[in-house]
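Asks: sequence and predicted structure, then a few things I'm wondering about:
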Amino acid sequence: MRGQNWWHRIGLVMCIVASVGIVSGCEFNMDNLKNNSQVKATQSDSEKEIWRVFRFYLAATNEFNFDSVKYSHQHVETVQQARQNVPLAEFKVRDYERLEQELIAAREAGHSHSDLEAATDALLPVLHEVVVAVKELDTYYKEKRYESDNYAFAQTQLEKLSTLIDAFRPKYDAVDNLVNTYHKQEGERLVKVMRNNGQANGANMVEMMLIYSDIVDHIVERKSDSDFQWLKEQKEAASGIGAKITAAEAQNRLDQQKHLDKAIADFIADPRIATEDAVVEQYNELVSRPMNFKLLDSVQNPYVPEKL
């Protein structure tokens, strides 16, 4: 075993679409994905079709990353207990099966960015092997087969799963990074569209959330090796943009922004797992706050980004 962190990749965080203030919740589930995959875009604009399909990849990685953040400690504890021959009732870890199903739904939804499709195709085979290995361990514990083999299968299977996760991680990162890159591009486009439409509050909200997303990405990726001066500057920039938002509709997010700023400051002062987790938690709370673009600015025809 390569230590308890062999799958403890936190990843990004929940509801990236909500980070630009679009949705009132994060209802990313297979039913929604399947329903959406059967509804082709009515617009002839190929870019709109690409973005429509892209949202399936966004939903899949959001769900997986959120699950990884929210339940990371339980997942690590499960592996530790399995290594110690604890008679588990089940082997519950990250939901690789759901990720597989949602990425397959994304591939079947239509055409999106070709490099994202290629990265997903490269990921799916090893992801399926992980799904099978996890299912086998789960069945093993539920059937209490450890009583007859003294945990021999568990130990062998954990080593196999560790190797598979090592192969899975860089391929998943490739997909996740592309999703983040394209989503950021879309966010930057939204800022321009809204500013041109006179939606100053909406544009500022999107821009502020994009900066916080970059901050969280940086912290999760670099941890104690973070560029602390850069983090301070970015936090101040986000705070400055937030101060320009005057709409009452945004107040619930602006209140939560203060908690996130404090968490970032605490991490800068004392970079460790606990303060990093606090940043992710507070960011998740920020992006989950409901937001309605129609109420942010008093313009005749406000541009409202599409929901998932």
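Replies: On my side now, so go ahead.

Asks: now V86: phi and psi?
Replies: When read as degrees, to the nearest 10, the backbone of V86 gives phi -80, psi 130.

Asks: next, count neighbours for it.
Replies: If you count neighbours by other CB atoms under 10 Å, V86 ends up with 14. To be clear about C-beta, it is placed using only N, CA and C from the backbone, and glycine gets the same treatment.

Asks: over to R253?
Replies: Applying other CB under 10 Å, we find 22 residues neighbouring R253.

Asks: what's the closest non-adjacent residue to it?
Replies: Excluding the flanking residues, the one nearest R253 by CB to CB, 6 or more residues apart in numbering is R289, at 4.7 Å.

Asks: verify the contact between L127 and E100 for me.
Replies: Yes - under the criterion of CB atoms under 8 Å, L127 makes contact with E100 at 5.1 Å.

Asks: these two: which has the busier surroundings?
Replies: Higher neighbour count among L127 and E100: L127, with 23 against 18, using other CB under 10 Å.

Asks: list the residues that contact that one.
Replies: Residues near L127 by CB atoms under 8 Å, 6 or more residues apart in numbering: Y96, L99, E100, L103, F168, K171, Y172.

Asks: how much space separates it from I273?
Replies: 27 Å (CB to CB, to the nearest Å).

Asks: swap in Q300?
Replies: Q300 is 49 Å from I273, by CB to CB.

Asks: those two: which is more packed in?
Replies: I273 (13 against 6).

Asks: that one and I165, how far apart?
Replies: Distance from I273 to I165, counting by CB to CB: 20 Å.

Asks: cool, and K144?
Replies: Distance of K144 to I165, computed by CB to CB: 25 Å.

Asks: same question for A274.
Replies: Going from A274 to I165 by CB to CB gives 24 Å.

Asks: okay, the two: which has more neighbours?
Replies: Taking other CB under 10 Å, A274 and I165 do not tie; I165 has more neighbours (22 against 10).

Asks: any idea which helix or strand carries that one?
Replies: helix 152-196 (DSSP states H and E).

Asks: buried set for the helix or strand following that helix?
Replies: As assigned by DSSP H and E, the chain's next helix or strand after helix 152-196 is helix 200-222. Of all the residues in helix 200-222, those buried under the rule 16 or more other CB atoms under 10 Å are 200-217, 219-220.

Asks: with stretch 297-308 instead?
Replies: The neighbour-count check on stretch 297-308 (16+ other CB under 10 Å) flags D297, P302, Y303, P305, L308 as buried.

Asks: could you measure the residue lying farthest from the centre of the chain against Q229, distance?
Replies: Each residue of the chain has a distance to the centre, and by CA atoms, centre = their mean the biggest one is for S148: 40.2 Å. Going from S148 to Q229 by CB to CB gives 59 Å.

Asks: equivalent analysis for V175, please.
Replies: V175 sits 31 Å away from Q229, going by CB to CB.

Asks: those two: which is more packed in?
Replies: More crowded of V175 and Q229, by other CB under 10 Å: V175, with 27 against 9.

Asks: now do the SS call for V304.
Replies: coil (DSSP: H, G, I helix; E, B strand; the rest coil).

Asks: which non-adjacent residue is nearest it?
Replies: Per CB to CB, 6+ apart, closest to V304 is F293, 4.7 Å.

Asks: does that neighbour touch P302 like I think?
Replies: Yes - using CB under 8 Å, F293 is in contact with P302, at 6.1 Å.

Asks: need the residues touching each of the two.
Replies: Each of Q199, G202 lies in contact with both F293 and P302 under the rule CB under 8 Å, 6+ apart.

Asks: neighbours around the residue lying closest to R272 once chain neighbours are set aside, how many?
Replies: In space, R272 comes closest to S224 once its chain neighbours are excluded; the distance is 7.2 Å by CB to CB, 6+ apart. By the measure other CB under 10 Å, the count of residues near S224 is 13.

Asks: give me the pLDDT for S224.
Replies: Reading off the confidence values, S224 has pLDDT 95.

Asks: okay then, goodbye and thanks.
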